[in-house]
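Engineer: below is the sequence, then the predicted model.
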Amino acid sequence: MSDNSEHSSGPAPAIDPDRPHPARIYDYLLGGACNFAPDREFADRFIAAVPEAKTAALLNRDFLRRAVRESRAAGITQFLDLGSGIPAVGNVHDTVPDARVVYVDNDPIAVAHSEIVLGDSDRAVALLANMLDTEAVLGAPATRELIDFEQPVAVLMVAILHFVAEPQEAVRRYIEVMAPGSVLVISHGTGEAELPGTDRVVELYAETGTPGVDRGKADLLALVEGLEVLEPGVVWTPQWRPDTEPDGRDPRESMAYALVARKP
């Protein structure tokens, strides 16, 4: 998705094909083609260190789809997808075609491909912006046109916060503008999976200038303080309201926690 160094104040970065980028690495792990050789080389090193990496990416995508469907079932028809990345199967507007969606990413490639996928849609738009620049995101004409913050909205922070060193202020701002009945959807990589090689993943990302941040359950609960964490709480991504029978796989292979929290 997007990295910590680029999620600081200032304009969105230019495309740098020589530097691995989380959005393009994630795209490669999902089987996409919108990536460069450095992204693939990094991802292969990631997989060598932690063979569960591809599985984790797919499980995260499955969680996104379930959380979006559950939000729609609860009556939410507008979504703000922060760190949305490169379009892949199961985008929000595919999962709930009647929704209004603003996709936000700071990678120009992710936004360019999103614009192609969205075409002339009047219900979904891609915004090139820094998710930590909350006023730029919330005040953008596209956001103001599609999202009515007087009504419930789902704010998605899926597989993005582990690339942000200090997300607290931005998270609180998004929560502040959410109407009652809105939800905050989060998935977050964590070392609490305690899988072999996870320490190596942290080292790899540090080498790219995209340091990851390891947070556990307590950290995530602190981020959503004041919200009602919906059942089943903070769990591994495949454990959040699964729509298929367990396949016997260790849920820790997802390497990420999931939670959905509702604003009272």
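Structural biologist: Here it is on my side, so go on. Numbering: from 1, shown residues only.

Engineer: rest of the way, CA atoms for contacts and neighbours
Structural biologist: Fine.

Engineer: doesn't Val183 make contact with Gln151?
Structural biologist: No. Using Cα atoms under 8 Å, Gln151 is not in contact with Val183, being 11.3 Å away.

Engineer: who has more neighbours out of those two?
Structural biologist: Val183 (28 against 14; other Cα atoms under 10 Å).

Engineer: could you find the closest non-adjacent residue to that one?
Structural biologist: Arg262 (4.3 Å; Cα to Cα, 6 or more residues apart in numbering).

Engineer: burial count for that neighbour?
Structural biologist: Neighbour tally, Arg262, other Cα under 10 Å: 22.

Engineer: quick one, strands of the stretch 1-150 of the chain?
Structural biologist: 78-82, 100-105, 124-128 (DSSP state E, counting those that start in this stretch).

Engineer: which one of those strands lies nearest to Tyr174?
Structural biologist: Distance to Tyr174, taken as Cα to Cα, is lowest for strand 78-82 among the strands of the stretch 1-150 of the chain, at 9.9 Å.

Engineer: and the closest one with strand 100-105, angle?
Structural biologist: 0 degrees (axes from the mean of the first three to the mean of the last three Cα atoms, to 10 degrees).

Engineer: CA-only coordinates of strand 78-82 in PDB, if you can.
Structural biologist: Output of strand 78-82 as PDB, limited to C-alpha atoms (Å, rounded to 0.1, in the frame of the first residue of the first chain):
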ATOM      1  CA  GLN A  78     -20.300   5.300   1.100                       C
ATOM      2  CA  PHE A  79     -16.700   4.300   1.600                       C
ATOM      3  CA  LEU A  80     -13.400   6.200   2.000                       C
ATOM      4  CA  ASP A  81     -10.700   3.700   1.200                       C
ATOM      5  CA  LEU A  82      -7.300   5.000   2.500                       C
END
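
Engineer: please state the offset of it from the chain centre?
Structural biologist: 10 Å (Cα atoms, centre = their mean, to the nearest Å).

Engineer: what's it in contact with?
Structural biologist: Strand 78-82 is contacted by residues 92, 99-105, 131, 146-147, 152-158, 160 when judged by Cα atoms under 8 Å, 6 or more residues apart in numbering.

Engineer: which strand residues bridge the spatially most central residue of the chain?
Structural biologist: Centroid-nearest residue in the chain: Val158, 2.3 Å away (criterion: Cα atoms, centre = their mean). Bridge pairing for Val158 (DSSP bridges) gives the partners Ser187.

Engineer: show the pLDDT at it.
Structural biologist: Val158 carries a pLDDT value of 97.
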